[in-house]
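Asks: Quick one: sequence plus predicted model below, questions after.
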Amino acid sequence: MSCCVEGWSRRFGSAGRLQPDFHGSIAPNPTNLQTTIEFDIADPVRAEVAVYDISGRLIDIIYSATGTTGAQRAVWNGFDRHGSPVSSGVYYIRLKVGNATDVPKVVLLKWTGSFVGLLRAAKPV
């Protein structure tokens, strides 16, 4: 099942202002293993993609760059910044480009049993 965040159509343009001519996406959502966040940066500004849990606690920073333009991609694999798998739930993806911020949500659904082993095997080194 693959779907993107409905209505999440943004292009980060001059000085990080949102422009409505680009479709950013998070897919798959819901996810059971990893999800990909795609977005576009028009001007060379600082950009960061971070994952937060529903209580606002930082889970991980999955993208950070300055001066990069064009189509960008960040992948979250369901782990926190210490390398531990997180539990099923709703997570917020904070996309900050220049002075603009967008915060769509993603749902992580895990199965029981050997799923944690699969996550560990899929974690990049």
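Replies: Good, I have the coordinates.

Asks: Tell me what residue 73 is bridged to.
Replies: residue 38 (DSSP bridges).

Asks: how about it, what does it touch?
Replies: 36, 37, 38 (Cβ atoms under 8 Å, 6 or more residues apart in numbering). Just so you know, the C-beta spots here come from the backbone N, C-alpha and C atoms, and that holds for glycine as well.

Asks: Among those, which one is most surrounded by other residues?
Replies: Most neighbours among these, by other Cβ atoms under 10 Å: residue 37, with 25 neighbours.

Asks: what's the weakest-modelled helix or strand in the chain?
Replies: For the chain, counting by mean pLDDT, DSSP states H and E, strand 18-19 ranks last in confidence among helices and strands (a mean of 47).

Asks: Average pLDDT for whichever helix or strand comes after it, rounded please.
Replies: Later in the chain than strand 18-19, the nearest helix or strand by DSSP states H and E is strand 25-27. Averaged over strand 25-27, pLDDT sits at 80.

Asks: Strand 25-27: partners in the sheet, and parallel or antiparallel?
Replies: strand 35-41 (antiparallel).

Asks: Residues in contact with the partner strand: which ones?
Replies: 10-12, 22, 24-29, 47, 49, 62-63, 68-76, 93, 95, 97, 106, 108.

Asks: Remind me what the following helix or strand past it packs against, helices and strands.
Replies: On the C-terminal side of strand 35-41, the closest following helix or strand by DSSP H and E is strand 46-53. Contact here means 3 or more Cβ pairs under 8 Å, 6 or more residues apart in numbering; DSSP states H and E; on that basis strand 46-53 packs against strand 35-41, strand 58-66, strand 70-76, strand 89-97.
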